[in-house]
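K.L.:
Generate coordinates for the sequence data below:
(one chain, ligands or ions: 2)
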Amino acid sequence: MFTYLTAGESHGPQLTGIIEGFPAGMTVDIQQINSALTKRQGGYGRGNRQKIEHDQIQITGGIRHQTTLGSPISLTIQNQDFSHWQDIMDPLASGSQRSNLRQVKRPRPGHADLVGGMKYRHQDLRNVLERSSARETAMRVAIGNLCEQLLQQLDIHLVGYVYQVGPQVVGNPEHLGVAAIQQQIQTNELRIVDSQQEAKIKELIDQAKLTGDTLGGVLQVIVENVPAGLGSYTSWDTKFDAQIAASVMGINAMKGVSFGDGFLNSKKLGSQAMDPIAHQPGEWYRLSNHLGGFEGGMTNGMPLIVNAAMKPLPTLYHALQSVNIDTKEVQKANVERSDTTAIVPAALVVQSVVTIELVKQLTTTFDGSNLGRLQEQVAAYRQELAHY
Ligand SMILES: Cc1cc2nc3c(=O)[nH]c(=O)nc-3n(C[C@H](O)[C@H](O)[C@H](O)COP(=O)(O)O)c2cc1C
Ligand SMILES: C=C(O[C@@H]1CC(C(=O)O)=C[C@@H](OP(=O)(O)O)[C@H]1O)C(=O)O
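P.N.:
Ligands and ions are numbered 1, 2, ... in the order given. Down below sits the predicted model:
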């Protein structure tokens, strides 16, 4: 069974990831992982933390001579900022040595601070914010890229991009496929398809920054050449769209997930929302893709279209009202440092978790012990479906 776990605080020494159930026999391209990590650090509207970090992956288990062994894979990413936080974040400093500096007492509305403090009985809300920080998503992107390298071996391709910034839809007006979207977004800092909109969107972000505010948006991931029949209608917890939705909701600040035309489908007549079935020798397909590639919790062979709605970031330089957890006085919420928007890295994180779910599904539907055998089984399955 494919599973993964991450550990590490935002200003602690490092992030750690362990993956179990990754097939043996895949040659790993480390440069590709590092390039995904660099992309996640970028994007218009990011804060100053990214000037400090230079995310690079280190592999400490499960890979030998650049090839996966089938054993658990362990990964680390160093936090460069730890050197500035050593006194405060050192895992081994004793309680008496612990600095009282930079304790967090004024919880930020919308972040995990207050409820995390209540639940875990923390009196310093730093104990909450360090782990609830989206710094952790760097590891999910590293694991996602490793999984993307596996999907490439199965001829499955995907891309994540920014569909909406705040209220402004910038979308994919021509319904471009994965390769065309990749081509369009590589030329700009916003991962939007229509680069002519870039100046306008940058202005929107600049304006939010100027007023100490933040922005969210909508991210879209498109996946091509996924075989039909991944997931199952037979029990609620085997529905693959549900598993993807849970995984996307597991990303910091995601507040909604939909597929294809999503909530818009609820306003349409059935005749406008279903995708008519077509067949030609060796191929079943649909005449449209309003449902985003899922029927009955199963992939139907059309491209997967996953939409994720991200709320605006909770840390506001123009801070909202909060209450000091010690004095109970009304005070402005804590602010240390923050992004104005994180839609660009978020598009890559959503892409990463969709990739991870696909690999999880493929390696359990088929034998996931070895890449060669997995390729053979997926190819045979594709053949069988083509001739159904
Ligand atoms: C890539 C990424 C970067 C983020 N950067 C920030 C940030 O700089 N400031 C902030 O307040 N929230 C940021 N967030 C969102 C918070 O981590 C998130 O809102 C918080 O953990 C509370 O969880 P929830 O919004 O899922 O309820 C970021 C999220 C992502 C995905
Ligand atoms: C560190 C990252 O994002 C962080 C996510 C984050 C949050 O609250 O989620 C708050 C900020 O943390 P800091 O105060 O340390 O700058 C972001 O920089 C990252 O993406 O690598």
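
K.L.:
Contacts only, for Q220.
P.N.:
By Cβ atoms under 8 Å, 6 or more residues apart in numbering, the contact list for Q220 reads 160-161, 163, 172, 305-308, 347. The way it works is simple: take the backbone N, C-alpha and C, and place the C-beta from them, glycine included.

K.L.:
Any chance of CSV for these, columns neighbour count, pLDDT and secondary structure?
P.N.:
Listed next are these as CSV, based on neighbours: other Cβ atoms under 10 Å; pLDDT from 0 to 100; DSSP: H, G, I helix; E, B strand; the rest coil:
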residue, neighbour count, pLDDT, secondary structure
G160, 27, 98, strand
Y161, 27, 98, strand
Y163, 22, 97, strand
N172, 19, 89, coil
I305, 22, 98, strand
V306, 29, 98, strand
N307, 21, 98, strand
A308, 29, 98, strand
A347, 29, 98, helix
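
K.L.:
can you confirm L348 is in a helix?
P.N.:
Yes. Remark: L348 belongs to a helix, assigned using DSSP: H, G, I helix; E, B strand; the rest coil.

K.L.:
Wait, it touches R40, no?
P.N.:
Yes. Applying Cβ atoms under 8 Å, one finds L348 in contact with R40, separated by 4.9 Å.

K.L.:
and the stretch 101-250 of the chain, which of its residues are near ligand 1?
P.N.:
Contact residues, the stretch 101-250 of the chain versus ligand 1 (Cβ under 6 Å from any ligand atom): 111-112, 132-134, 137.

K.L.:
check which helix or strand covers A142.
P.N.:
Taking DSSP states H and E as the criterion, A142 maps to helix 137-153.

K.L.:
touching ligand 2 at all, that helix?
P.N.:
Yes. Counting by Cβ under 6 Å from any ligand atom, ligand 2 is contacted by helix 137-153 at A138.

K.L.:
in that helix, what counts as buried?
P.N.:
Neighbour-count burial for helix 137-153, counted by 16 or more other Cβ atoms under 10 Å, picks out 137-151, 153.

K.L.:
and what of stretch 81-101?
P.N.:
Buried, per 16+ other Cβ under 10 Å, within stretch 81-101: 81-82, 85, 88-89.

K.L.:
Same check on stretch 290-298?
P.N.:
Using 16+ other Cβ under 10 Å as the burial criterion, the residues of stretch 290-298 that qualify are 290-295, 297-298.

K.L.:
Just the terminal-to-terminal distance for stretch 47-65.
P.N.:
37 Å (Cα to Cα, to the nearest Å).

K.L.:
cool, stretch 56-69 as well?
P.N.:
Terminal residues of stretch 56-69 are spaced 21 Å apart (Cα to Cα).

K.L.:
Need the mean per-residue confidence for it.
P.N.:
Mean pLDDT, stretch 56-69: 98.

K.L.:
check whether it contacts ligand 2.
P.N.:
No. Stretch 56-69 stays clear of ligand 2 (Cβ under 6 Å from any ligand atom), getting no nearer than 12.9 Å.

K.L.:
how about the residues of the chain near ligand 2?
P.N.:
Counting by Cβ under 6 Å from any ligand atom, the chain sits next to ligand 2 at 10, 47, 49, 53, 133-135, 138, 252, 315, 336-339, 345.

K.L.:
Make a PyMOL selection of the buried ones in those residues.
P.N.:
Applying 16+ other Cβ under 10 Å to those, the buried members can be selected in PyMOL as follows:
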select buried, resi 10+47+49+53+133+134+135+138+252+315+338+339+345
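
K.L.:
Counting only strands, which of the residues of the chain next to ligand 2 make the cut?
P.N.:
Using DSSP state E, no member of these falls within strands.

K.L.:
Okay, angle between the helix or strand harbouring T364 and helix 137-153 too, please.
P.N.:
Assigned by DSSP H and E, T364 belongs to helix 343-365. Helix 343-365 and helix 137-153 are oriented at 50 degrees to each other (axes from the mean of the first three to the mean of the last three Cα atoms, to 10 degrees).

K.L.:
With just CA atoms, put helix 343-365 into PDB.
P.N.:
The C-alpha trace of helix 343-365 is given here as PDB (Å, rounded to 0.1, in the frame of the first residue of the first chain):
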ATOM      1  CA  ILE A 343      -1.700  30.900  -5.600                       C
ATOM      2  CA  VAL A 344       1.300  30.000  -7.800                       C
ATOM      3  CA  PRO A 345       2.900  27.600  -5.300                       C
ATOM      4  CA  ALA A 346      -0.600  26.300  -4.400                       C
ATOM      5  CA  ALA A 347      -1.200  25.300  -8.000                       C
ATOM      6  CA  LEU A 348       2.000  23.100  -7.800                       C
ATOM      7  CA  VAL A 349       0.900  21.700  -4.400                       C
ATOM      8  CA  VAL A 350      -2.500  20.700  -5.800                       C
ATOM      9  CA  GLN A 351      -0.800  19.200  -8.800                       C
ATOM     10  CA  SER A 352       1.500  17.300  -6.500                       C
ATOM     11  CA  VAL A 353      -1.300  15.800  -4.300                       C
ATOM     12  CA  VAL A 354      -3.300  14.800  -7.400                       C
ATOM     13  CA  THR A 355      -0.200  13.100  -8.700                       C
ATOM     14  CA  ILE A 356       0.300  11.200  -5.400                       C
ATOM     15  CA  GLU A 357      -3.300  10.000  -5.400                       C
ATOM     16  CA  LEU A 358      -2.900   8.700  -9.000                       C
ATOM     17  CA  VAL A 359       0.200   6.800  -8.000                       C
ATOM     18  CA  LYS A 360      -1.500   5.400  -4.900                       C
ATOM     19  CA  GLN A 361      -4.400   4.300  -7.000                       C
ATOM     20  CA  LEU A 362      -2.300   2.800  -9.900                       C
ATOM     21  CA  THR A 363       0.000   0.900  -7.500                       C
ATOM     22  CA  THR A 364      -3.000  -0.700  -5.700                       C
ATOM     23  CA  THR A 365      -5.100  -1.400  -8.800                       C
END
